[in-house]
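> here is the input, now give the coordinates:
(chains A, B and C)
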Amino acid sequence: MSEPEIVPDIMRISWGPQHPMSGQTRILLDLDGEKVHRIIADLGFTHRGIEKILENRTFLQGIVPIERMVMADTPNIGICYIKAIEEAMGVEVPERANWIRSLVCEMARINSHLYAFGLQAESTGYFPAVFLWTTVDRAWILQLFAELTGARWSLNFFLPGGVYKDLPEGFENKVIEGVHYLRRRFQKYWDAMVENYTFEMRCDDVAILKPEDAIRLGATGPVLRGSRVAIDVRKDEPYAAYRDLDFEVITEDACDSMARTKVRFREIVQSLNMMEQIAKEIPDGPVRTRVPFFARPKAGEYLSRVETARGELGVHLFTDGGMNPYRVKINSPTLRNMYVFERLAELDEILMADIPVVINSIDPWYLDSDR
Amino acid sequence: MNPVLSVWNLIATYVFLPTDLIIQWVSDFFNTTMDILLHLPQYAMEFLTVNAKPILQITILPGLAWVIVYAIIAVWFERKFLARAMLRVGPYYCGGKAGWLQLIADFMKLFFKEIIIPRDVNWLFFLAMPVLLPSVPALAVILIPFDTHWVLWDVGGIGLPIFFAIAGIAPLIPIFTGWASKNKYTFIGAWRVAYMYISAEIPMVICGAAVAIMTGSFNLVEIVKAQQNMWFFVPQFIGFVVFFLGVFIQSERTPFDIPGAETEIVLGWRTEYSGVLYGFVMFTEYVMLQAWALLFLTLYMGGYNGPVLFGAATASHIFWMVLKFVTLVTLVILCRCVFPRLRMDQMLKLGWYYLTPLAILNLIVTLALKLMGVF
Amino acid sequence: MSLIRKLIKPFMIVFPHIFRESETVAYPTERPVFPERFRGRHKFYFDRCISCNTCARVCPCNSIELVEVVGREGKYPQIDYQTCSLCGYCVEFCPKNALEFTEFVEFAEYNRSNLVYSPERLTVVPDLKEVLPMLKRRTEVYHTETAMKYRKVKDV
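Here you go, the predicted structure:
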């Protein structure tokens, strides 16, 4: 990549791929003492060419690679692609399948938010207790996934036309039990970590992103909602069963890193409420409309948007009447949020010790931005 | 002449007298030996406590074995304790169920690893500093009294300023190390060390001065003796809080392990070390904690005094010191689980805006108490 | 004051965790029992397969290839576990249910060529005790009011 010339008195540090806290990316920081003058994000370390892979697979085969874009909430990404395929094929999804899809999507959202929360705890100073507790609590969700679908992370549970299989016996009771358990743990996390004096010192007033800047730069997801802007695809264009579920769009007023962390945290509570509602009120019926495996949908352009845990994911599908899609363009939330992250150095004064806190409040998943 | 008498004289001289002498000699010998054997334990105790005492102190307590065994046990304990707080198991396989041989296995592994010296470093400082790092705080440990007459180096009664003088050298070594490693991360770690230690040491020295004023002498044994009725954390509560925070800062424990902040600057000034040098550098953290914790106990928590009800036998002084020390170390390790790390500017604000004025306030309160004759 | 509460309350919450049981499964001495839908290694039934090639066409990772088997007529699937993603399409779309999932996930081998499972090898699922000689217990997950725990189901 072309690097601009280095001005003297500034030390350029590579928050590089060999770093305990950087993830799979390289971020170049121009430092003057502790103050960060400029951030350059060097993405692309984990590019796998998913968009090209999808051109060589049929529609149903393509669901398997695209779900591995973000391992933490795979159903949310699968459902985006599947919605586009269903629109192209003109398939009607039964009611119960929509409710099961929402249930699985919300469980994956909790999974991803707990993981992001644990990473935020670890980034503020290697605060290992909370990170391991979130791992333990996520083990419960992964166990439910294993009982429902057969796999813990990469579910492959959705198909165009519905879901794979129905809920097993007694699954609703397990969901309700788990919801009560997680609500009690939520209170402990809130007291031990979010209301922790040192954690507040680290995260308050760090990297303030004003609402007009957030909209102008194209932030999405909890980054946008932590800056007082209430935009959520589940409310604006409801899909699956979100029209019937009652939940709120969480926003926070403070616009700093703590606000983004709190948004994610309170969204877990909303997801728990939704899971309980689904487990109690799910309608009966079939779960799948059979779709031929090597189907050829009509030629055209189809667009679908969903709200993943990190933000809004968009899939733009071009079909030409063949068995494979002609082109799939994926618009990932992390890429847009990383752009916001780069501009944060100009908007607000960030110190070098704040960089892990800010990165993890944006919650990137680099496989998502590199596809 | 009577021939019978002369024969009797002959027999007496040449038979009875030597026999008597022999019997006397044998019984003398026997008595002396029994005397020595019966009093042997007493002689041994005298030897150990009077003649060989310095050797014991240097090797065992509070010398080499104490520092090394404490470091090994502390690392194992920290790993197990943190693992329990995180709902994990910790070291499990080495040495039975509890994994107590894990530390020895780790240390042996470090001995066999290659020491990588990057090309452009200042090799003299790079290789020499890790040897000095644990030695300087270990030097400070020898000033601490474990009993009324069990001080390794009784520096003519000025133990407290000597401790602070040795502690003043301690920050220099990480700064040299960080500069010598010629790495941007270590450079950042080096000047963070400079900022942090200086801002913390001034309040601690002022608090130490307040304790010395309250006692009336610099001798650490005198300070402990003056706490026989009431430990000093009661009248000098502000100094207690300041010094307690200072113990964390000076030994680079969370929430103040900013120079060695792993999530931001990859181990800070210790980044470039591998092999046995890494072992020394890791060992340093525990030795520094030990030195400052022992000083904290001596100044504020009564040193080797037990609770006021109990009597004063020799062994139980050392027992109380070890018990208090273990409790303090457990508390410090628990703080690691609970609090994240502070940022550099927040820590400087804490040091200069809060700790230093509080320490001066503590000094004023102590002077007031002393002048009013309360203590 | 809220300052004291924010400093002391985290201690009171973290400290009881020390006395809780650890949530670690001591693999390979213990191994959990996986749920019945679990997607592990495949198991193949020779007499149900009709060599229709659906599994090979459906596989998104191109891991299945139909090969000839000594002593039988027709071609049978050979699965390459270097690329298989355990997605389940071959099991779902086989018209005769000749492929099934088991709970066996111990795939490690010393040679790469051993990861390509021939049809005869797919038929036989080895016992866990042969692959994990140090296995002592099988555990399962159960939920209590406050935790998710593992309890022993049976000794091996």
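> look up the closest residue to the residue in chain A positioned nearest to chain B, ignoring the ones flanking it.
Closest residue of chain A to chain B, Cβ to the nearest Cβ: A:Gly125 (2.6 Å). In short, each C-beta sits where N, CA and C put it, glycine included. Among residues not flanking A:Gly125 along the chain, B:Arg341 sits closest, at 2.6 Å (Cβ to Cβ, 6 or more residues apart in numbering or on different chains).
> distance of the one you found from chain C?
Distance from B:Arg341 to chain C, counting by Cβ to the nearest Cβ, to the nearest Å: 14 Å.
> look up how far C:Tyr45 lies from A:Lys83.
37 Å (Cβ to Cβ, to the nearest Å).
> what are the ranges of the helices in the stretch 251-371 of chain A?
Here the stretch 251-371 of chain A has its helices, by DSSP state H, counting those that start in this stretch, at A:257-281, A:333-347, A:355-362, A:366-370.
> which intervals of the chain have sub-threshold pLDDT?
No chain was given, so I picked chain A. When residues are selected by pLDDT under 70, those of chain A lie in A:1-8, A:126-127.
> could you do chain C instead?
C:1, C:145-146, C:156.
> residue ranges of the helices in it, please?
C:2-14, C:54-58, C:89-93, C:119-123, C:128-131 (DSSP state H).
> export the ones you listed to CSV and tack on mean neighbour count?
Formatted as CSV, these follow (neighbours: other Cβ atoms under 10 Å in any protein chain shown):
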stretch, mean neighbour count
helix C:2-14, 15
helix C:54-58, 19
helix C:89-93, 19
helix C:119-123, 16
helix C:128-131, 12
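> select, out of those, the one closest to A:Pro286.
helix C:89-93 (16.5 Å; Cβ to Cβ).
> A:Glu195: neighbouring residues, count only.
15 (other Cβ atoms under 10 Å in any protein chain shown).
> so how far is A:Arg310 from the residue lying closest to A:Thr25 once chain neighbours are set aside?
Leaving aside its sequence neighbours, A:Thr25 sits nearest to A:Tyr366 (Cβ to Cβ, 6+ apart; 4.9 Å). For A:Tyr366, the distance to A:Arg310 equals 11 Å [Cβ to Cβ].
> who has more neighbours, the two?
A:Arg310 (30 against 20).
> I'd like to know which of the helices of the stretch 251-371 of chain A is closest to B:Cys207.
That would be helix A:355-362 among these, by Cβ to Cβ, at 32.4 Å.
> does chain B have contacts with that closest one?
Yes: residues of helix A:355-362 are located near chain B by Cβ under 8 Å from any Cβ of the partner chain, namely A:Ile355, A:Pro356.
> span of stretch A:279-293 from start to end?
31 Å (Cα to Cα, to the nearest Å).
> chain center to it: distance?
Centroid separation for stretch A:279-293 versus its chain: 25 Å, with Cα atoms, centre = their mean, to the nearest Å.
> in it, what counts as buried?
Buried residues in stretch A:279-293, counted by 16 or more other Cβ atoms under 10 Å in any protein chain shown: A:Ala279, A:Ile282, A:Val287, A:Arg288, A:Val291, A:Phe293.
> nearest to B:Gln250, of these?
Distances from B:Gln250 to these, taken by Cβ to Cβ, are shortest for A:Ala279, at 54.1 Å.
> residues touching that closest one, list them.
A:Ala279 sits next to A:Leu103, A:Glu172, A:Asn173, A:Val175, A:Ile176, A:Val179 when contact means Cβ atoms under 8 Å, 6 or more residues apart in numbering or on different chains.
> buried ones among these?
A:Leu103, A:Glu172, A:Val175, A:Val179.
> grab the nearest non-local neighbour of the third one.
By the measure of Cβ to Cβ, 6+ apart, the closest residue to A:Val175 outside its immediate chain neighbours is A:Ala279, 4.3 Å from it.
> sorry, back to before: mind checking which of A:Lys83 and C:Tyr45 has more residues around it?
Taking neighbours as other Cβ under 10 Å, A:Lys83 and C:Tyr45 compare with A:Lys83 leading, 23 against 14.
> part of a helix, is the more buried one?
Yes: under DSSP: H, G, I helix; E, B strand; the rest coil, A:Lys83 falls within a helix.
> next one: the helix or strand containing B:Ser199 to chain centre, how far?
Assigned by DSSP states H and E, B:Ser199 belongs to helix B:184-215. Centre-to-centre, helix B:184-215 and its host chain are 19 Å apart (Cα atoms, centre = their mean).
> got the contact list for the most centrally placed residue in chain C?
Computing the C-alpha centroid of chain C and ranking residues by Cα atoms, centre = their mean puts C:Gly40 first, at 3.4 Å. The contact partners of C:Gly40, by Cβ under 8 Å, 6+ apart, come to C:Phe34, C:Leu86, C:Phe101, C:Thr102, C:Glu103, C:Phe104, C:Val105.
> ok, now A:Thr149?
Taking Cβ under 8 Å, 6+ apart, one finds A:Val104, A:Leu155, A:Asn156, A:Phe157, A:Tyr164, A:Lys165, C:Arg37 in contact with A:Thr149.
> sorry, back to before: burial measure for the residue of chain A closest to chain B, as a count.
Neighbour count of A:Gly125, defined by other Cβ under 10 Å: 28.
> if we can go back for a sec, the residue nearest to A:Thr25 and C:Ala98, how far apart?
A:Tyr366 is 40 Å from C:Ala98, where distance means Cβ to Cβ.
> ok, B:Gly302 to chain A distance?
In terms of Cβ to the nearest Cβ, B:Gly302 sits 29 Å off from chain A.
> so the helix or strand hosting B:Gly239 versus helix B:184-215, what angle?
In this assignment (DSSP H and E), B:Gly239 forms part of helix B:237-250. Relative orientation of helix B:237-250 versus helix B:184-215 (axes from the mean of the first three to the mean of the last three Cα atoms, to 10 degrees): 150 degrees.
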